[in-house]
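*Asks:* fold the following.
(chains A and B)
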Amino acid sequence: MFAQQLLVIAEDGVADTAATQFALDVGLDARGSAMLRTYTAARVTAIRDLASAMPEPDDEIELYRTLAAYWLELRFEWQRNNEVMNYQTVLRGTADTRVIAEGSVGSFLLSRIETLLDPAHLELLSRYAVELLANERASAQLTEGVS
Amino acid sequence: MSFVPSTFVTQLPNISRSSADDLPFGVVQVDDAGVIQLYNKWESEMAAVPVSSAEGKNFFTQVAPCTNNRLVFGKFKDGVAKGELDSEFNYTFTYKMKPTNVQIRLMRHAASKTNWVLVGMRAA
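*Replies:* Below you'll find the predicted structure:
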């Protein structure tokens, strides 16, 4: 049942349509658009692989947990793209359109996955993602202070 | 030239919710930790976050996590610590929305000790 729901959100056409639109939004050329669609397809395939690997009702808890892990993976990937595009925007005035488009795809896929996650779990995951990076920053500052 | 009219700046901190809702740019009032006190209609519609869901949450870490970095939240915290903040810069939003080029202005109204995050659209 959960695996079936996951297959629905990993439906190729929806993500591909979104990627095509994001490519248009940021002004990617045909080659850039094709690369973005490939980037998107790889992540959709990763979601589908989860559903295919754990299709049995007995696997649902493990599947849910693994999907939550993939949400975190995508969230950190989106975070990296967000940092790159905005440092580029602030420091040189414009951001690489490829990075903006990949960030948009990441955000789109996060939203799709979130429809299958319990809101309370999602809030915990979001807080974990924020705290992990905040702690990492604090740790880095401490290291800078010591060296 | 700023997207924020000087008439708006002179009205701070006395901005009612209804007058904030009439403005053609995002108005977010936050406390010193970044918790949202006021979230106007424009910002709510642009971010697709209902006002009731946003107010009471941390703007930088919960509502607009794309701003949870040194460029925005770091600048905000530095400004609050110094007691003065007025900075405007270009930014790009992608979180839960299509790619959106914006300008952000971070302001602290020293006399009232209130903080404001203002967001306007910009051409790519």
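*Asks:* switch to C-alpha atoms for all contacts and neighbour counts from now on
*Replies:* Fine.
*Asks:* which residue is nearest the middle of chain A?
*Replies:* A:L74 (2.8 Å; Cα atoms, centre = their mean).
*Asks:* give me the nearest residue to that residue, chain neighbours excluded.
*Replies:* Using Cα to Cα, 6 or more residues apart in numbering or on different chains and skipping the chain neighbours, the partner closest in space to A:L74 is A:G106 (6.3 Å).
*Asks:* ditto for A:T66
*Replies:* In this structure, A:T66 finds its nearest non-sequential neighbour in A:L50, 7.6 Å apart by Cα to Cα, 6+ apart.
*Asks:* next, the contact list for the one you found, please.
*Replies:* Going by Cα atoms under 8 Å, 6 or more residues apart in numbering or on different chains, A:L50 touches A:A3, A:L63, A:T66, A:L67.
*Asks:* measure the nearest residue to B:Y95 once chain neighbours are set aside to B:D78 for me?
*Replies:* Using Cα to Cα, 6+ apart and skipping residues adjacent in sequence, the residue nearest B:Y95 is A:S107, 5.5 Å away. Computed as Cα to Cα, to the nearest Å, the A:S107 to B:D78 distance reads 29 Å.
*Asks:* can you check B:F25 too?
*Replies:* B:F25 is 24 Å from B:D78, by Cα to Cα.
*Asks:* out of those two, which sits in the more crowded spot?
*Replies:* Neighbour count, other Cα atoms under 10 Å in any protein chain shown: between B:F25 and B:D78, B:F25 has more, with 20 against 14.
*Asks:* using the three-state scheme, assign the nearest residue to that one once chain neighbours are set aside.
*Replies:* Closest residue to B:F25 apart from its sequence neighbours, by Cα to Cα, 6+ apart: B:G120 at 5.0 Å. Three-state call for B:G120 (DSSP: H, G, I helix; E, B strand; the rest coil): strand.
*Asks:* B:N90 now?
*Replies:* Reduced to three states by three-state DSSP, B:N90 is strand.
*Asks:* that one: neighbour count?
*Replies:* 20.
*Asks:* tell me the contacts of it?
*Replies:* So B:N90 contacts A:T89, A:V90, A:G93, B:N101, B:V102, B:Q103, B:I104 (Cα under 8 Å, 6+ apart).
*Asks:* pLDDT below threshold where in the chain?
*Replies:* With no chain named, the answer covers chain A. Low-confidence segments of chain A (pLDDT under 70): A:142-147.
*Asks:* oops, chain B please
*Replies:* Residue ranges of chain B with pLDDT under 70: B:124.
*Asks:* brilliant, that's me finished.
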